[in-house]
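K.L.:
Quick one, structure for this:
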Amino acid sequence: MRIELLTNEQMGRADRLAVEAGVSSLELMENAGSAVASQARVMVAPGSNIVVLCGPGNNGGDGCVSARQLNTAGFNVRLALSVSLDSLKGDALIMATRWNGEMHQFIPGVVEDADLIIDALFGAGLSRPLSDAWEGAQIIEAVNKSPAQVLAVDVPSGVNGSTGLVLGLAIVANGTVTFFRKKPGHLLYPGAGLCGETILADIGIPENVLNRIEGSSVGGVNTFINAPQLWLDKFPTAEPTTHKYKHGHAVAVSGPAHATGAARLAARGALRVGAGLVSVACPQEAVSINGAHLTTIMLAPFEGVGGLTEILEDRRKNAVIIGPGMGVGRQTRDKVAAVLKSGAGTVLDADALSSFEGRGEELVAAITALPLYKRPVVLTPHEGEFARLCPDVNKTEFGSKLDRARNCAKRFSSVVVLKGPDTVVAHPDGRASINNNAPPWLATAGSGDVLAGMIGGLLAQGMPAFEAASAAVWFHGACGQRLGRGLIAEDLPEALPGILQRLDENYL
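P.N.:
A predicted model of the protein is given here:
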């Protein structure tokens, strides 16, 4: 699996490097159009009516190639060009002149009676929004209303390949063919929801160009699809002579008696993902209710911030999950500060984040003021918590979800897990993963608490924070897929053994 994700600019660089390596740009375009034609043949029956909408750039050139090949293969092809032929340049002009059929008018009626519409209008090269005033706006509306299948070239027209954001108007596709590597916009919403199935095609770009692509804080490509290949070399393994103390001791901090379930869910996630020991640290008032629900997981009663500090003085307790069910306010902020001072790997979730609304710099200071800030810290906000913690970063001028997560990670010197159907995991150094295996039924009460616990359990086993967070997010999605519709949060930890077994069989 090719897990690297390239921005529009990086993909342009890859194209240029391929040409420098001796692959002609016309060959790349011919191969791209051939890949589109191959996918078109999968989507409709022989002899079907195919309409190819071509724009002014290389995306349109790819469309012209696919139109020619599909026409030769016996399909009834109509090609419509959004600009005059004499306005085309370079490879796009050459490929357009190789089309030996009729050039149809670029009007909404051209898509009538189509079985398949190929969108080769703009692709990732679009740099400004498509407005209702654009002459092609009615065609996009006609495409989206058509009962025909829609196949996009690179990305659906109107979607920014680097961000997944929609530039005014956008085509809704059933499938998308992209080349060499996927782009962030194929995984980030709303773009991800407009691409349909994204097919990655090899068009002859040498693999070694990846080592020469620039444009990141750590050099080269630094955005990835979240998959086992990204973090497997850091995943903890068990030696024959291992024992529980070698796998760390995770602590989930409980809220008061009326709000204990969230911490238990986190603790269960930490235990199932492999932490050797797990404790729930809870105020005295919550001991009896937590004790009634726990067996393998231990209890660690405490009173106030001083009591929590005393528990964490045992350095064997090397990872802490705090926030689920804690309540919002000063007491939670003080406990977060105590956890950070302990030097344990820390997962700040839910109320541990909301308690710093309007006090983001206070949390930054707590993380970075001491040498211990180099210990792993992971923040796990959903969009609402993110807006409270980083109201300025949440503004649109900061761009995509990927940009916002990276900005937050750098500000807080922490790994940030910005949750959602397209969860982004960002490291302060610029590395990021985008997750794409989460089913919608994970949106259920307590699901995020289990995820926080999984991250804490992997930190306890010594996994680096970025890899631990990415792995936990992937496991969370895989458990959701295995369980299916109707799952509840309590089911998720119990699905982990099967997922871990599959990981062992397929990757280790």
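K.L.:
Which pLDDT value goes with the nearest residue to Ala45 once chain neighbours are set aside?
P.N.:
Using C-beta to C-beta, 6 or more residues apart in numbering and skipping the chain neighbours, the partner closest in space to Ala45 is Asp115 (7.7 Å). For glycine as for every other residue, the C-beta is placed from the backbone atoms N, C-alpha and C. Reading off the confidence values, Asp115 has pLDDT 98.
K.L.:
what do you get for Leu372?
P.N.:
Looking at Leu372, the pLDDT reads 55.
K.L.:
ok so, going back, from what I see, the residue nearest to Ala45 and Gln149 are in contact.
P.N.:
Yes: with contact defined as C-beta atoms under 8 Å, Asp115 reaches Gln149; the gap is 6.9 Å.
K.L.:
Next, show the common contact partners of these two.
P.N.:
When contacts are counted by C-beta atoms under 8 Å, 6 or more residues apart in numbering, Asp115 and Gln149 are jointly contacted by Val44.
K.L.:
buried stuff in stretch 44-54?
P.N.:
Buried positions in stretch 44-54, judged by neighbour count with 16 or more other C-beta atoms under 10 Å: 44, 48-54.
K.L.:
for the stretch 351-500 of the chain, what spans make up the strands?
P.N.:
Secondary structure of the stretch 351-500 of the chain, counting by DSSP state E, counting those that start in this stretch: strands at 377-379, 415-418, 424-426, 432-434.
K.L.:
so how many other residues sit close to the closest residue in space to Val377 that isn't next to it in sequence?
P.N.:
Counting by C-beta to C-beta, 6+ apart, Ser414 is the residue found nearest to Val377 once chain neighbours are left out, at 4.1 Å. Applying other C-beta atoms under 10 Å, we find 25 residues neighbouring Ser414.
K.L.:
Could I get the contacting residues of Ser414?
P.N.:
348, 367, 377-379, 428, 465.
K.L.:
ok, Leu88 - contacts?
P.N.:
Per C-beta under 8 Å, 6+ apart, neighbours of Leu88: 56, 60, 81, 96.
K.L.:
any idea which helix or strand comes after the host helix or strand of the second one?
P.N.:
So the one you mean is Gly60. Taking DSSP states H and E as the criterion, Gly60 maps to helix 58-72. Later in the chain than helix 58-72, the nearest helix or strand by DSSP H and E is strand 76-81.
K.L.:
Return that next one as PDB; C-alpha atoms alone will do.
P.N.:
What follows is strand 76-81, C-alpha atoms only, in PDB (Å, rounded to 0.1, in the frame of the first residue of the first chain):
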ATOM      1  CA  ASN A  76     -20.300   6.000 -28.100                       C
ATOM      2  CA  VAL A  77     -18.100   9.000 -26.900                       C
ATOM      3  CA  ARG A  78     -19.000  12.700 -26.800                       C
ATOM      4  CA  LEU A  79     -16.200  15.100 -26.000                       C
ATOM      5  CA  ALA A  80     -17.000  18.600 -24.900                       C
ATOM      6  CA  LEU A  81     -14.200  21.100 -24.400                       C
END
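K.L.:
Give me the helices and strands touching that strand, please.
P.N.:
Applying 3 or more C-beta pairs under 8 Å, 6 or more residues apart in numbering; DSSP states H and E, one finds that strand 76-81 contacts strand 49-54, helix 58-72, strand 103-104.
K.L.:
Give me the residue at the spatial middle of this protein.
P.N.:
Ile434 (2.0 Å; C-alpha atoms, centre = their mean).
K.L.:
so that one touches Asn222, yeah?
P.N.:
No: between Ile434 and Asn222 there is no contact under C-beta under 8 Å: 11.9 Å.
K.L.:
quick one: Leu487 and Cys479, what's the gap?
P.N.:
Using C-beta to C-beta, to the nearest Å, Leu487 is found at 8 Å from Cys479.
K.L.:
Which one's more surrounded, the two?
P.N.:
The neighbour count for Leu487 versus Cys479, taken as other C-beta under 10 Å, is higher for Cys479 (28 against 19).
K.L.:
ok, so what distance separates the more buried one from Pro256?
P.N.:
With C-beta to C-beta as the criterion, Cys479 and Pro256 are 29 Å apart.
K.L.:
same question, Leu348
P.N.:
19 Å.
K.L.:
circling back to that earlier point, of all the contacts of Ser414, which two lie farthest apart?
P.N.:
Leu348 and Pro428 (14.8 Å; C-beta to C-beta).
K.L.:
So which of those two has more stuff around it?
P.N.:
Comparing Leu348 with Pro428 by neighbour count (other C-beta under 10 Å), the higher total belongs to Leu348, at 29 against 19.
K.L.:
Surely that one touches Val320?
P.N.:
No: proximity of Leu348 to Val320 does not meet the contact threshold set by C-beta under 8 Å, at 9.3 Å.
K.L.:
State the mean pLDDT of stretch 298-318.
P.N.:
Here the average pLDDT along stretch 298-318 is 97.
K.L.:
try stretch 149-163
P.N.:
96.
K.L.:
next one: stretch 184-203
P.N.:
97.
K.L.:
Can you point out the buried residues in that stretch?
P.N.:
Applying 16+ other C-beta under 10 Å to stretch 184-203 flags 184-189, 191-192, 194-196, 198-199, 203 as buried.
K.L.:
With Leu194 as the reference, measure out to Leu165.
P.N.:
11 Å.
K.L.:
any common contacting residues for these two?
P.N.:
Contacts common to Leu165 and Leu194, judged by C-beta under 8 Å, 6+ apart, are Val159.
K.L.:
so what's the closest residue to Pro324 other than its chain neighbours up against?
P.N.:
In this structure, Pro324 finds its nearest non-sequential neighbour in Ala262, 3.3 Å apart by C-beta to C-beta, 6+ apart. By C-beta under 8 Å, 6+ apart, the contact list for Ala262 reads 255, 324-325, 350, 446, 449.
K.L.:
Could you list the alpha-carbon positions for the helix or strand where Ala262 lies in CSV?
P.N.:
According to DSSP H and E, Ala262 maps onto helix 261-272. Once non-C-alpha atoms are left out, helix 261-272 reads as follows in CSV (Å, rounded to 0.1, in the frame of the first residue of the first chain):
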residue,chain,number,x,y,z
GLY,A,261,-18.1,5.2,33.4
ALA,A,262,-15.9,7.2,31.0
ALA,A,263,-12.7,6.5,32.9
ARG,A,264,-13.5,2.8,33.1
LEU,A,265,-14.0,2.7,29.3
ALA,A,266,-10.6,4.4,28.9
ALA,A,267,-9.0,1.9,31.3
ARG,A,268,-10.5,-1.0,29.4
GLY,A,269,-9.2,0.3,26.1
ALA,A,270,-5.7,0.6,27.6
LEU,A,271,-5.8,-2.9,29.0
ARG,A,272,-7.0,-4.5,25.8
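K.L.:
which stretches of the stretch 201-350 of the chain aren't confidently modelled?
P.N.:
215-219 (pLDDT under 70).
K.L.:
try the stretch 401-508 of the chain
P.N.:
Checking the stretch 401-508 of the chain against pLDDT under 70 turns up 508.
K.L.:
Could you verify my assumption that Pro440 touches Pro421?
P.N.:
Yes: in this structure, Pro440 is within contact of Pro421 by C-beta under 8 Å, at 6.9 Å.
K.L.:
between these two, who's got more neighbours?
P.N.:
Pro421 (17 against 9).
K.L.:
List phi and psi for the more buried one.
P.N.:
With angles defined as degrees, to the nearest 10, Pro421 sits at phi -70, psi -20.
K.L.:
can you pull the contacts of Leu299?
P.N.:
279-280, 282, 287, 290-291.
K.L.:
now, which of those residues lie within strands?
P.N.:
Those of those mapping onto strands are 279-280, 282, per DSSP state E.
K.L.:
so what sits against both of Pro440 and Pro421?
P.N.:
Contacts common to Pro440 and Pro421, judged by C-beta under 8 Å, 6+ apart, are absent.
K.L.:
Understood, closing this out.
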